[in-house]
Every structure is written in structure tokens, then in C-alpha cells.
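> Let me see the structure of the following:
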Amino acid sequence: MTRQNRSPQGWQWLLSWMGLAGTPPVLLALLLLAGLSSEAKAQVTASVSPTEIYEGEVLTFTVTSDRDFWDAYSNYYAYICRAKDEAGTARFGSGRDWQLMLTNGNPISGGCHNYGTTVNRILGQGVYEIDFDLRANTDDATEGDETIIVEITSDYEDNTFVTITLKDGARPSTPTDGVTISRTSLTLTELGASSAVEKTYTVVLDTNPTADVTITVANGDATAVAVDTDSGTSGNQNTLTFTAGGDGSGSGAGNGNWAVAQTVTVRALNDPDGANESFNLTHSATATGSTAPYDGITIDPVAITTTDAGHGVVISESSLSVAENDETATYTVVLKSQPNGNVEISTTSGATATATASPATLTFGSSNWNTPQTVTVTGKGAGSTSISHAVATSADTTNYPTSTMIPAVAVTVTAVAGLTIIETDDDTTVSEDGTTLTDTYTVVLNTEPTHDVTVTVTSGDTAAATVNPGTLTFTTSNYSTSQTVTVTG
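Purely as a prediction, here's the structure:
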């Protein structure tokens, strides 16, 4: 058997073959240490921002190393691990609270994962980078915020821990500068019910402005509607002012009113054209300083539609009550549209002994057609009647013919509280000679009392005549029944 040559000459041959023949021993030792140092652990760092995540979101970790994450012999130098859950309640894994994912979408099921199956980004000589994702899964449970820790490890030994806050629920929306208009459209009716004639919407800022903001409302058709931004001020205003600062409540030092909704009132006008209208109310904002975010900001319009009243006569009251003995009450009459010439409206009482109406005629023309005119009703005697109306004469027979239907007003005339005395044969007479010893008259209440009423009857000269009975009692049940008094001479 041939023996191997282990003489110093053999080592010299090896050194010669490696090109190191004649190298001093000290230098050889340094080269050996350098070779050993090449097997030092990889220097691995990780970065992530932000360090909190809401349900449904994904955070991407960037891991950087000073060497390739794996070598040609499948030796791995860096790993990503699920370290632990600080709070002890967050569940790890697919379909649970959170999970780790490779950027290719594959989940990391548990434990640690090497980087050998991923694609490295080579940033420069000796610098390598790789990404992975932390995903917060969405659930319906209310768990509160939780803390989780992810471990970045170099060769399973040198560890870097990254703490992430897992926020409960979805990320709150971040408000952006803007103006919120509560209604996109309004529909109004001329001369309709109050709720149809007048409607409102509100305006409010979405965020705290850097300067006070004035919003102006522009009316697209001032003949169709009236717009008012301040009902407490006489006349129709068209601006809203929002002040900056604080919580926007308008209460307390430093708190502007930017978060307090302000009201815009829109009222339908009785215009002369007899047609429906559609148009917009538009809004513009100005703020101090051209760089203020609300200066010139886009604001949604409000679409307005008005239903025209058409042609006809409007009576303000359908019924009224008035007391007898010339007490009065009133109502008004107005046309719905502008007539082509004068139109006369007559007023007629159904029973003038009960109530009268004046004036007897009302004249409307092109200049006063939309100005209400007053009718006065005078009570005469207790009872009920009605005031009827008609087009007496008209120069506009197309829109206001004499056949135009106009509502009547029902009138109730109430009696005045008191007594009614009715004498027999319209007088009460007794004689001293005995030819007419007695006479009578009756007494009755005019209205129902709220409690019993006693009427005392007294003779002014008992030597000449006496009365009987001396008292009359009326109740709520017999107040309308006449009671007789007898006079004896």
C-alpha cells in the first residue's frame, strides 16, 4: 500500500498550487482568520411604518441584510418569526386576528420562515433587501386594541423585535375640507299649505377652517322664490358666517361655530306667469387669505322646483266666527295669477239679518293682482250663514271667466251673553181701577251659562204693583226656556 506523503514538502506543494508559496506564516494566519470571519452572522435590520394597523389593512416590513439571504448551498441567514402576542388575546393565522404573508401572497403559517423562497432586491454591493406583509384580518368581535410582536432573526440567534399595535375595528375616516349641504333638492308649491310653500336646508363646514368663512347663497330665480339665511333679521339675508377655532361648537373660549349647522329658508312666491319653474340655488365661499382651504371651495347646489298655483281666486279663510251686535271679523281675497285686465269679485251674504260683508266688490288688475284685499264681516244676529264670491265682471275671460269657482266662507254669529225679556202684547200694563189686575212677561238667557244663574225681580213701587216670583233660576239645562213673571196691580 502506498503511504501518503505528509512531509512539509507536501504542504509546500499545496501552497504552491494555491499560489501562496513563500507566504510568510503570519500572513497565512491572517488569511485563515479572514476566511473564518466570512462565516460571521448576517447583519439583519427591519423597518416598518406606521407601527399600528387597523382591521382590513396591511403593513409591509422591509428587511435589509449585508449578505444574500441564502447561499448557493441553501444556507439561510435571516428569518421572520411570529414571536408572541403581548396582550395574549390576538389570534394568529388565516381567518383570525392577524397573519404574516410573503409579498407573493403566500401566508406564513406559524413558527419562523426563512427568506430562501423569496426574491431579493440587490441594492448595491453587499446590500440586500426583502419585504413581507403583516395583515390585520376583519372580524365582528369587539376586542379592544391589542399588541403583537414580530421577530426578525439572524441565523436564529441575533433577534430584532418589532412591536405593532393591532387596532380594533376599521380605521376612522379622516375628515377633509368641505361644506355639507343637507338637501340636494327642494320642491315648493305657490299658495299651498305652509309646509309646501316654505322649506329649509342646512349648511355646515366639515373641518375647522384656518380663517373665518362666509358662504353666499345665490338665488337662480328671485321671482319664483325668496331665500333667507337669517330669520331673526328683518328682510331676506343671503350670507352665512362660520368662525374658525376649537371644537366648532360656538360655545366657550376659542371655539368657533364652524361645526354648527346654519339654516337657509326658501319660500315660494306667487309669480305672475302661471308656469312651473326649475333652477338652482348656488353657494360660494370666501375666506381671509387666498391660501385658506375654504376660499373658493366647491360647494354643491340645491335644485329648486316650484309648482305654480295656476289661475284662480284664493280666499284666506274657509270659516269664521263673530258675535252679534255688530262685532266684526275679516278675511282676505287675492288672485293666483296676473289677469289680462281688471277682474271684479263680488261678496254676498246669505242672510244679512245674521251677518253682512263689505265691500260688496273687490277689483284686481295687473298691478294689484297679488296684493290681498280685506273683506269685513259684521255680526248682526245669532245664527249661521255664508259669504259667497263670484267673478262679477272680467276683462280676462280666458283665465278669469264669470264661471270661475270661488270658495265661500261659512260664518257663525254667536249671541252676546245677557237676558232677553219679552212682554205680552209688547207692553206690561195693570190698572188701579181693577179692570186689568195682572199682566205677564217672560225672561230667558241669551247664551248657555257656565253655572247656575239667579235673576232677581223687584218692583219699583210695591204699593202700585207687585211681581211674582221674586227670583228666576237658570241652569245649563233650562237656560233657553223662557220663565214667566206676573205683575199684579
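> where does the stretch 301-450 of the chain have low pLDDT?
Scanning the stretch 301-450 of the chain for pLDDT under 70 picks out 432-436.
> where do the strands sit along it?
302-307, 313-315, 319-323, 328-335, 343-349, 355-358, 361-364, 373-379, 383-394, 409-414, 419-423, 438-445 (DSSP state E, counting those that start in this stretch).
> Next, format those strands as CSV and append distance to residue 99 and mean neighbour count.
Bear in mind the C-beta positions are built from the backbone N, C-alpha and C, glycine included. Output for the strands of the stretch 301-450 of the chain, formatted as CSV (distance: least, Cβ to Cβ, whole Å; neighbours: other Cβ atoms under 10 Å):
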stretch, distance to residue 99, mean neighbour count
strand 302-307, 48, 19
strand 313-315, 72, 18
strand 319-323, 76, 16
strand 328-335, 75, 18
strand 343-349, 83, 20
strand 355-358, 87, 21
strand 361-364, 81, 18
strand 373-379, 81, 19
strand 383-394, 82, 18
strand 409-414, 79, 20
strand 419-423, 98, 12
strand 438-445, 93, 17
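> Backbone dihedrals for the most centrally placed residue in the chain, both of them.
With distances taken as Cα atoms, centre = their mean, the residue of the chain nearest its centroid is residue 182 (5.1 Å). With angles defined as degrees, to the nearest 10, residue 182 sits at phi -70, psi -20.
> residues in contact with it?
Neighbouring residues of residue 182 by Cβ atoms under 8 Å, 6 or more residues apart in numbering: 201, 202, 203, 261.
> Quick check: strands, which of those residues are part of them?
Taking DSSP state E as the definition of strands, those contribute 201, 202, 203.
> so the second one touches residue 259, yeah?
No. Counting by Cβ atoms under 8 Å, residue 202 stays clear of residue 259, with 11.9 Å between them.
> So between these two, which is more surrounded?
residue 259 (17 against 14; other Cβ atoms under 10 Å).
> Distance-wise, check the more buried one relative to residue 392.
59 Å (Cβ to Cβ, to the nearest Å).
> before we move on, what about residue 98?
Using Cβ to Cβ, residue 98 is found at 87 Å from residue 392.
> residue ranges for the helices of the stretch 151-300 of the chain, please.
194-197 (DSSP state H, counting those that start in this stretch).
> Look up how far residue 459 lies from the residue nearest to the centre of the chain.
For residue 182 relative to residue 459 (Cβ to Cβ), the value is 78 Å.
> Over to residue 261?
77 Å.
> And residue 327, by the same measure?
Distance from residue 327 to residue 459, by Cβ to Cβ: 35 Å.
> Residue 447 now?
Residue 447 is 27 Å from residue 459, by Cβ to Cβ.
> With residue 238 instead?
Distance from residue 238 to residue 459, by Cβ to Cβ: 77 Å.
> excluding its backbone neighbours, what's nearest residue 284?
residue 216 (5.1 Å; Cβ to Cβ, 6 or more residues apart in numbering).
> per-residue pLDDT, that neighbour?
For residue 216, the model assigns a pLDDT of 98.
> What of residue 24?
51.
> cool, residue 81 as well?
62.
> got it, and residue 222?
Reported pLDDT for residue 222: 94.
> before we move on, what about the one 5 residues further on?
pLDDT for residue 227: 97.
> Spit out the contact partners of residue 480.
By Cβ under 8 Å, 6+ apart, the contact set of residue 480 is 444, 445, 448.
> Looking at those, which is nearest residue 418?
Of all the contacts of residue 480, the one with the least separation from residue 418 (Cβ to Cβ) is residue 445, at 7.7 Å.
> Cross-check the contact I'm expecting between the closest one and residue 415.
No. Contact criterion Cβ under 8 Å: residue 445 and residue 415 do not qualify, at 9.2 Å.
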